[in-house]
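Q: Sharing a sequence plus its predicted fold:
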Amino acid sequence: MAQPDSLAPTEPTASPASRPLRSWQRRALTKYLAKRPKDFLVAATPGAGKTAFGLRVAAELLADRTVEAVTVVTPTEHLKHQWAQAAAAHGIPVDGNFRNTTGATSRDFRGVALTYAQVAAHPSLHRVRTENRRTLVILDEIHHAGDAKSWGEAVREAFTPAVRRLALTGTPFRSDDNPIPFVEYEPDGEGVLRSRADHSYGYADALADGVVRPVIFLAYSGEASWRNSAGEEFSARLGEPMTAEQAGRAWRTALDPAGEWIPAVLHAADVRLSQLRAGGMPDAGGLVIASDHESAKAYAQILRRTTGHEPVVVLSDDPKASDRIAEFADSDERWLVAVRMVSEGVDVPRLAVGVYATSASTPLFFAQAVGRFVRARAAGETASVFLPSVPVLLQLASELEAQRNHVLGKPHREKAGWDDELLADANRTKDEPGEEERAFTALGASAELDQVIYDGNSFGTAAFSGSAEEQDYLGLPGLLEPEQVRALLRQRQEQQLAEASRRKQAEPEPAPAAPARPASVQERLAGLRRELNTLVALHHHRTGKPHGVIHSELRKYCGGPPTAMASVEQLEERIATLRSW
C-alpha cells in the first residue's frame, strides 16, 4: 500500500558528481552553488542538456539536505515521463504517474513530475505538498506559466512555499502581458520590461562547443494557385511580397497534400535522409510537422508511396502517442509524422531531417520545432530542415542564433509582429476548418528550391525540383563541422553561378534548320519565370537584398501583378530591367 509522501524519503542512489557535466553546465552550476538563490532562471538552447543540469542541481540539494523532495513541472504528459526516466538514471526516483486524485505517492520516491495543467487543476493540493517537505521545484519550459492568467496564478500559489525554485527554458519567450511567476524583470530603457536569465546558453555558443548540430535550411518556393469563395482564381509565388491574406492562402495551398509542392518537398527530404544514412548517420530519422490530423495522415500516405516504407504517425489524441514516440526513437524507422506531439523537450536524438509543413509562424513554435533536430551525438553531424519560402520563416531561420527574453507589453508585440494566434491555431485540439479555411479552395502549387540558409546567410540560386542543381544541395555530406558547412555551401554556390554564366556565354547561334514547333504560351511563361528567378538570385548575392524585396522593387519600377500572374511582355520587361541594374 502506498504511504503518504510526507514520510521520510529514502537516500538518493547516485552521487551528485557521478555524471560529467558539459562546460556550460559546470559554469551554471558553479554560479548557482556560489549564491544558492531561492530562484534561478536558465535559458539554454534546445539540445543543450537542461534536464541533466536540473537533475544535477537536484542531486546537490538533496545530498546536502537543503531540500528533501523534488517537484518537476512540465508542459505535457510525455515530458513528465521523460523527466521521470532521466531522474531515475541520475539516481533520483521521481513518480511520473502522480495523479491529483491520489494526492500522495510512495515513500520510495524522492519527488513527483506534474504538468502545468495538473497544478492549475488543484493548486492548493500542491501547495500543501510543497509546505509539508522542503522542496525544490523545477519549472521546465517556464514560459508555459505565462500562457494563461489562471496557470500563472496556480503556479504562484502552489510553489511560493518552495525552499528552492529552478526555472528552465529552451525557446524564445512569447510576448504578452502575463508576468511569469518567479521570473525577474527589469526595464530595458525603451519603456518595456524584459525577463533576466541568471544563466544563458544560446545556439551560437552551443554550436561553437559542439553541443548542437549545424542546421541547414532548404527553403522551397513555387507558384501557388487558389480559388476564392466567389469563384475568382488567384496565383502567387511563395516569397514574393503580397497581402497577409494572399500570403496565408499561398502558404496553405503549398501545404495542401493534393498539390505538387508537398510531394516534391517530401521526396527531396527523403533523398536528403538517404544521403545522411549513407554518409555516416545510418540511423538518421526524419520528422514531418503537420498542422492537423487530416494533413498528417495524407502526408504519411505520400511518404509511403515515395519511399516504400510505412511512416510512424503520432496524433495528439492518440493515448499511446508517448509510447509510439519512444519506440520510434529506439528504432531504425525512417519517418515520423506528427501534429503536436513532437515539439518542445521531446528527445529523439537521431532526428536529422525535418519538413516544416505547418502554418505556425511564431518564434516560439519555430524554435521548438527546429530544436528537435539539433541535438548532437557525434562530431560532424548536421541537420537539414525543409520549409516553405515565406518571409517570416526565412527571417526566423536566419535569426536562429538570436536570444530573446520575455517582454511585457503591447508595444513590443506591435513592433516585433509575433503572430501568437497562428501558434494557437496550429495547436488546436480539434481539427475543425475555420472560416478562413472555407473561404478558398487550393488549386495547386509547384515546388522549386529557392535558397539554402545557413548561419544567417543565403546560398544558391533557384533550382527546380529534381534538377541537378537541387541534387547538389541534397547531396551535401552528412558529417561536416560548422566551418566546413559554410565553406562547402559557398563553393557550391560559386560553381552554380559560374556554370550559369558559362552556359549563357556558350549559347550557340541558332543554326539554320527546319523551323521548330513554336513554344506554347505556358512554355514561354515558364522559361521567363525561370530566367527571372535566376537573375533575382544573382542580384541577391550581389546586393544582399532578400529575394522578395527584389521582386517588389521590380514590380514597383515596372508595374504589373506578381510574377505568377505576369504576362510574357511584363516578364521580359522585368528581366531587361534587372539586367540593367
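A: Okay, I see it.

Q: CA only for contacts and neighbour counts going forward, please
A: Will do.

Q: so where's the stretch 301-450 of the chain shaky on pLDDT?
A: With pLDDT under 70 as the threshold, the stretch 301-450 of the chain has low-confidence stretches at 340-345, 401-439.

Q: If we use 80, what do you get?
A: Scanning the stretch 301-450 of the chain for pLDDT under 80 picks out the ranges 316-319, 321-322, 340-347, 362-364, 400-440.

Q: ranges for the helices of it?
A: 321-329, 363-370, 391-398, 410-416, 420-426, 435-438 (DSSP state H, counting those that start in this stretch).

Q: And the contacts of the longest one?
A: With Cα atoms under 8 Å, 6 or more residues apart in numbering as the contact definition, helix 321-329 has outside contacts at 78, 312, 314-315, 336, 341-342, 347-350.

Q: any idea which residue sits dead centre in the chain?
A: Centroid-nearest residue in the chain: Ala369, 2.3 Å away (criterion: Cα atoms, centre = their mean).

Q: Show me the strands in the stretch 1-150 of the chain, by range?
A: 39-44, 69-74, 94-95, 111-115, 135-139 (DSSP state E, counting those that start in this stretch).

Q: which other helices and strands contact the last one?
A: It refers to strand 135-139. Judged by 3 or more Cα pairs under 8 Å, 6 or more residues apart in numbering; DSSP states H and E, strand 135-139 is in contact with strand 69-74, strand 164-169.

Q: what's the most buried one of the ones you listed?
A: strand 69-74 (a mean of 27; mean count of other Cα atoms under 10 Å).

Q: Which strands and helices lie in contact with that one?
A: helix 77-89, strand 111-115, strand 135-139.

Q: let's see it at 6 Å
A: strand 111-115, strand 135-139 (3 or more Cα pairs under 6 Å, 6 or more residues apart in numbering; DSSP states H and E).

Q: what's the angle between the last one and strand 39-44?
A: Yep, that's strand 135-139 we're talking about. 30 degrees (axes from the mean of the first three to the mean of the last three Cα atoms, to 10 degrees).

Q: in stretch 331-338, what's buried?
A: Using 16 or more other Cα atoms under 10 Å as the test for burial, stretch 331-338 gives 333-338.

Q: Do me a favour and get the end-to-end distance for it?
A: 17 Å (Cα to Cα, to the nearest Å).

Q: Stretch 105-120 now?
A: Using Cα to Cα, the two ends of stretch 105-120 sit 19 Å apart.

Q: Check stretch 143-153 too.
A: 13 Å.

Q: what's the answer for stretch 237-257, then?
A: Termini of stretch 237-257 sit 18 Å apart (Cα to Cα).

Q: For it, buried residues please.
A: 237-242, 246-257.

Q: same deal with stretch 531-545?
A: 531-541.

Q: picking up where we left off before, now that we have the buried residues of stretch 331-338, can you turn them into TSV and tack on distance to Ala87?
A: Shown next, in TSV, are those (distance: Cα to Cα, whole Å):
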residue	distance to Ala87
Glu333	27
Arg334	29
Trp335	29
Leu336	26
Val337	28
Ala338	26
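
Q: Which stretches in the stretch 251-400 of the chain count as strands?
A: With DSSP E, counting those that start in this stretch as the criterion, the stretch 251-400 of the chain has strands spanning 285-290, 312-314, 335-338, 351-357, 383-388.
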